[in-house]
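Colleague: requesting a structural model of the entry that follows:
(one chain, ligands or ions: 2)
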Amino acid sequence: MATTTPRPRTRSRAPAAPAEAGTTPQDLALLFAVLELELNEVAQEARASGQLDTVRGRRRFQSAARSLIAHARPDAKERVRAMLEQAYGEGAKIAGARPPGAIQRATLDQLAKGLMLRVDGSLSTVGRQVDDIFRRAGLEHAARQLSPRELPREAAAEAMRRDLENRGITAFVDKAHRRWTLTNYSRMAIVTTASEASNRGVLEAMAAVGRDLVRVSDNHCRFHKNDPENPCRALEGKVLSAFGLTPGVPVLPSPPPWHPFCEHHLAPAPEVGA
Ligand SMILES: [Zn+2]
Ligand SMILES: [Zn+2]
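Modeller: Ligands and ions are numbered 1, 2, ... in the order given. Below you'll find the predicted structure:
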């Protein structure tokens, strides 16, 4: 019987003092990359510990993982708003506006809410997977105790370890059957929402001063560089009417991003006859 019980390291999260916490999309995405690393570390420790045979051992690792996830949420929530505000402000500045004021609050609220929904969704998916793996570890252990002959001890422990290893507690599949890691998914949601905030900033600042024409950046998205039929290609580099106020100029169908990781942005173009 084990007398020394290695505790899972309940690591204090990197002390992200709000003042130091950056507000770029990359800064925010890093929070989830760190969380993913920490969760995988807990899983690794659990595998190596030999503690998965006991209810206490399993609970200990499960709650270590759970508390990492629980801490990430308020951290993220606090920083989502600041990140979007900055992205929005940068867009508005391109269109010549002053820093965001009261008019834009509704846009920022809506974007922040949407992003937090996706963040929450991925965190609870990962949380469920953590619970699932440990629950199954418990069930397997119970089954083994009922019929020790059918599932020898070593084989069962090995199966449990493999389960932890193979399923990956931080990987998941979305509704469109795309596979994500927590890091990739968060990065996609954050970068894409930041782009939306920035483009909305441009458009709302333009609307405020009665401008209509926008130019779409002429870069290609890295996401589908080699796909000639990608949804962005037809609009790249085009001058379009943002609000349908300029006769004869095609209307912007919707502001970018036009897909996850879309890298297009809008800028005001010289007005016709201006
Ligand atoms: Zn694209
Ligand atoms: Zn694009």
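
Colleague: from here on, contacts and neighbour counts on C-alpha atoms
Modeller: Noted.

Colleague: residue 197 is in contact with residue 90, isn't it?
Modeller: No - if you go by Cα atoms under 8 Å, residue 197 and residue 90 don't touch, sitting 9.1 Å apart.

Colleague: how far does stretch 130-145 sit from its chain's centre?
Modeller: Centre-to-centre, stretch 130-145 and its host chain are 29 Å apart (Cα atoms, centre = their mean, to the nearest Å).

Colleague: between residue 197 and residue 90, which has more neighbouring residues?
Modeller: Taking neighbours as other Cα atoms under 10 Å, residue 197 and residue 90 compare with residue 197 leading, 29 against 21.

Colleague: how many neighbours does whatever residue of the stretch 101-250 of the chain ends up closest to ligand 2 have?
Modeller: Nearest residue of the stretch 101-250 of the chain to ligand 2: residue 232, at 4.6 Å (Cα to the ion). Residues near residue 232, counting by other Cα under 10 Å, number 22.

Colleague: look up how far residue 184 lies from it.
Modeller: 22 Å (Cα to Cα, to the nearest Å).

Colleague: what does residue 175 give?
Modeller: As judged by Cα to Cα, residue 175 and residue 184 stand 16 Å apart.

Colleague: next helix or strand past the lowest-mean-pLDDT helix or strand in the chain?
Modeller: Every helix and strand in the chain was compared by mean pLDDT, DSSP states H and E; the lowest is helix 153-167, with a mean of 66. Using DSSP states H and E, the helix or strand that follows helix 153-167 in sequence is strand 171-173.

Colleague: can you give me the buried ones in that following strand?
Modeller: Neighbour counts over strand 171-173 (16 or more other Cα atoms under 10 Å) mark 171, 172 as buried.

Colleague: counting by contacts, list what it packs against.
Modeller: helix 105-146, strand 179-181 (3 or more Cα pairs under 8 Å, 6 or more residues apart in numbering; DSSP states H and E).

Colleague: direction included, what does the shortest one pair against?
Modeller: The partner list of strand 179-181 in its sheet, established with DSSP bridges, is strand 171-173 (antiparallel).

Colleague: could you count how many residues lie near the nearest residue to the residue of the stretch 101-250 of the chain closest to ligand 2 once chain neighbours are set aside?
Modeller: If the residues on either side of it in the chain are set aside, residue 232 comes closest to residue 258, at 6.9 Å by Cα to Cα, 6 or more residues apart in numbering. When neighbours are counted by other Cα under 10 Å, residue 258 registers 16.

Colleague: and residue 258, how far is that from ligand 1?
Modeller: 7 Å (Cα to the ion, to the nearest Å).

Colleague: and that residue, backbone torsions?
Modeller: Dihedral pair for residue 258: phi -100, psi 0, per degrees, to the nearest 10.

Colleague: and if you look at residue 37?
Modeller: Dihedral pair for residue 37: phi -60, psi -50, per degrees, to the nearest 10.

Colleague: picking up where we left off before, who has more neighbours, residue 175 and residue 184?
Modeller: Per other Cα under 10 Å, whichever of residue 175 and residue 184 has more neighbours is residue 184, with 15 against 6.

Colleague: just say helix, strand or coil for that one.
Modeller: For residue 184, the assignment made with DSSP: H, G, I helix; E, B strand; the rest coil gives helix.

Colleague: pLDDT value on it, please?
Modeller: With respect to pLDDT, residue 184 scores 93.
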